[in-house]
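1. build me a model from this:
(chains A, B, C and D)
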Protein chains: 2
Amino acid sequence: MSKSNNVYKDAYNRGLRLLDETQSLPSEPELGTLLGVSRTTVRTILARMEETGLIAWNKRNKTVLRAPKPDDFFPEEETDTLAQIIERSFMRRLLAGGAEAGMQINELELAREIGVGTTSVREFLIRFSRFGLIEKRRNSHWVLKGFTRAFALELTEIREMFELRSAAAFAALPGDSPVWADLDRLEAEHHLLKTEIATRFNEFSELDERFHRLIHRASHNRFIVDFYDVIAMIFHYHYQWNKAQERERNEVAVGEHLAYIAALKSRDLGKVDAACRKHLKSARHTLLTSIPEIGGRIVS
Amino acid sequence: MSKSNNVYKDAYNRGLRLLDETQSLPSEPELGTLLGVSRTTVRTILARMEETGLIAWNKRNKTVLRAPKPDDFFPEEETDTLAQIIERSFMRRLLAGGAEAGMQINELELAREIGVGTTSVREFLIRFSRFGLIEKRRNSHWVLKGFTRAFALELTEIREMFELRSAAAFAALPGDSPVWADLDRLEAEHHLLKTEIATRFNEFSELDERFHRLIHRASHNRFIVDFYDVIAMIFHYHYQWNKAQERERNEVAVGEHLAYIAALKSRDLGKVDAACRKHLKSARHTLLTSIPEIGGRIVS
DNA sequence: ATAATGTCTTTTATCGTGAAAAAACATTTG
DNA sequence: CAAATGTTTTTTCACGATAAAAGACATTAT
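-> Numbers count the residues shown, from 1 in each chain, chains lettered A, B, ... in the order given. Presented below is the predicted three-dimensional model:
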């Protein structure tokens, strides 16, 4: 089986969408940068487009013959990378319950269950280990540390430290920095989302990530920027399993973001600090209440 | 070739040292915990010890027949893990110069040069990536970000944030916490090293790591504790290539540590903060001066 | 009956292999 | 001759296979 051609399939699907917009496709290198793949993959895509009668391809001439039908697209699930597939399976197991702290993780079993090779699982676990949820025993199994209250507290402690510092750095940026335009755009998106919150509340999580990443980037510190991956990953799955009062929570968060943005624009460090603290506090609270901690249980 | 038996060889060497101390070895499970390996490996070790006439082995009876000779030990280099071998090779290349930022890293080439499989190199690079010195291009090569001044500054920024917080947490620990005894022991070691600094200055780096890890552990935050791996790794190699004024630097650092320890013991947060800041400042300075930055060069 | 030894099974660590994808080189075209 | 296309080589990604090491089960000894 070796290797799936998901890169090709995904790029092909995105390539199909280009056909609606023009009558003739650009050059191969141009398509490559557009789709984020190599020329080799571009040519494979073009070859299939020609085969299925979507385009007529003759050297520099790539004429669009017809609009793509739903049938032309590869199925979504075939466009995922192995890493995504493994991550999803792993997180499903982890959140499905029965994933107590201290539990052993078996590479072989995981690989068999997901239907992939052990190498891919191993590499996934190594990458995943930086999130602080699992730990390796040398020459032996991995140990699950569990998504516990302690984990959430440790995570938010760092997050608060990093974001307060980044926010201060952001406010201190010169007025001609391009980040201010980015911030304006995000502010507008927040305002728009606020008015349509009743129907679009589930779009907040994506906006949230872009907003916080913009702020973290102002730190100009790779460790701070990289750490946001941990936060993003946790919040991503957190949003998936905790749907309680999602609309209300997101509405509150949008308001906090707007106050936070206003504070940044005022460039008043005191205001920035206060607005940032307030938002982080409620973010922490949301995360903590969603943790299914067994409180007060007597362990014999 | 598959897999080297370095676990066995290393444990065997450590096992040989036990023979000097007793006339008969303990039970297999006991030996296992003592050497940190499974019973399977213990039995392989015992089998060889019997073969080479070091012990007489009959079930529960493991009588020492003779003291081990230098010849009995496996060569040091055969006891290294593959990961260690790859790390050393990689760092040697990186520090040997010609490792400009932006340079591509080729898994296959690295693997061939070191004489190992690509899988091991891949896994190493994934693990190594958390140090912030390399970055992966999806479906493509790794990019070296370089051990630059910017890297050192970003690293020390986080270090200072984390250590100041850990030191404060340390000072706030209750008097009956076992860390105070650990601190006392480290203090004594520092005093001893100070008096013998002329000959033992190169032993400082190991003491340094133990001291700072003790402090970081007081944060009770896995992200802070784990981050010390990055610092330790950098300082480990830094010590290897920058031997200029090593004795003087270490002497100064020992003095700073002692002041830092005294401040912690005073439990006066102001003093702790000042002593910690002072030490971190000189640590940063040492690191920065050792970076071979090409300053003011005009890049055409 | 507990703890050790003896034996068998499973898992981890590592390699070689081959298809997918990228990259390099050669050739053509505007 | 610069940029595109055509062709070939190299590298990455992922798998199955195998020895080392861990772990589980069965048996024996105190």
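
2. angles on the backbone of the residue lying closest to residue A:266 once chain neighbours are set aside, please.
-> Nearest non-adjacent residue to residue A:266, counting by Cβ to Cβ, 6 or more residues apart in numbering or on different chains: residue A:272, 7.6 Å away. Where C-beta positions appear, they are placed from N, C-alpha and C, glycine not excepted. Dihedral angles of residue A:272 (phi, psi; degrees, to the nearest 10) stand at phi -60, psi -50.

3. right, and residue A:272 touches residue A:173 too?
-> No: in this structure residue A:272 lies outside contact range of residue A:173 using Cβ atoms under 8 Å: 11.7 Å.

4. tell me which of the two has more neighbours.
-> Neighbours of residue A:272 and residue A:173, each counted by other Cβ atoms under 10 Å in any protein chain shown, are more numerous for residue A:272; the result is 23 against 16.

5. what sits against the more buried one?
-> Applying Cβ atoms under 8 Å, 6 or more residues apart in numbering or on different chains, we find residue A:272 in contact with A:167, A:168, A:170, A:171, A:260, A:263, A:264, A:266.

6. which one of those residues sits closest to chain B?
-> Distance to chain B across those (Cβ to the nearest Cβ) is lowest for residue A:168, with 12.5 Å.

7. would you map the strands across the stretch 1-150 of chain A?
-> Under the criterion DSSP state E, counting those that start in this stretch, the stretch 1-150 of chain A contains strands at A:55-58, A:61-64, A:104-105, A:134-136, A:142-144.

8. make JSON lines out of the ones you listed and add distance to chain B, mean neighbour count and mean pLDDT.
-> Converted to JSON lines, these look like this (distance: least, Cβ to the nearest Cβ, whole Å; neighbours: other Cβ atoms under 10 Å in any protein chain shown; pLDDT from 0 to 100):
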{"stretch": "strand A:55-58", "distance to chain B": "24", "mean neighbour count": "15", "mean pLDDT": "97"}
{"stretch": "strand A:61-64", "distance to chain B": "24", "mean neighbour count": "16", "mean pLDDT": "97"}
{"stretch": "strand A:104-105", "distance to chain B": "15", "mean neighbour count": "16", "mean pLDDT": "96"}
{"stretch": "strand A:134-136", "distance to chain B": "9", "mean neighbour count": "15", "mean pLDDT": "97"}
{"stretch": "strand A:142-144", "distance to chain B": "13", "mean neighbour count": "18", "mean pLDDT": "98"}
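
9. save those as JSON lines, and put in distance to residue B:126 too.
-> As requested, those are arranged in JSON lines below (distance: least, Cβ to Cβ, whole Å):
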{"stretch": "strand A:55-58", "distance to residue B:126": "39"}
{"stretch": "strand A:61-64", "distance to residue B:126": "38"}
{"stretch": "strand A:104-105", "distance to residue B:126": "17"}
{"stretch": "strand A:134-136", "distance to residue B:126": "13"}
{"stretch": "strand A:142-144", "distance to residue B:126": "15"}
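
10. between those, which one is closest to residue B:5.
-> Proximity to residue B:5 (Cβ to Cβ) singles out strand A:134-136 among those, at 20.1 Å.

11. ok so, going back, pull out the buried members of the contacts of residue A:272.
-> With neighbours counted by 16 or more other Cβ atoms under 10 Å in any protein chain shown, the contacts of residue A:272 contain buried members at A:167, A:168, A:170, A:171, A:260, A:263, A:264.

12. narrow the contacts of residue A:272 to those in helices?
-> Of the contacts of residue A:272, the ones assigned to helices by DSSP state H are A:167, A:168, A:170, A:171, A:260, A:263, A:264, A:266.

13. the strand or helix carrying residue A:162 close to chain B?
-> Residue A:162 is part of helix A:149-171 when elements are defined by DSSP states H and E. Yes: interface with chain B: helix A:149-171 contributes A:151, A:154, A:155, A:157, A:158, A:161, A:165 (Cβ under 8 Å from any Cβ of the partner chain).

14. relative to residue A:124, which of those residues is nearest.
-> The closest of the residues of helix A:149-171 next to chain B, once distances to residue A:124 are taken by Cβ to Cβ, is residue A:151, at 19.3 Å.
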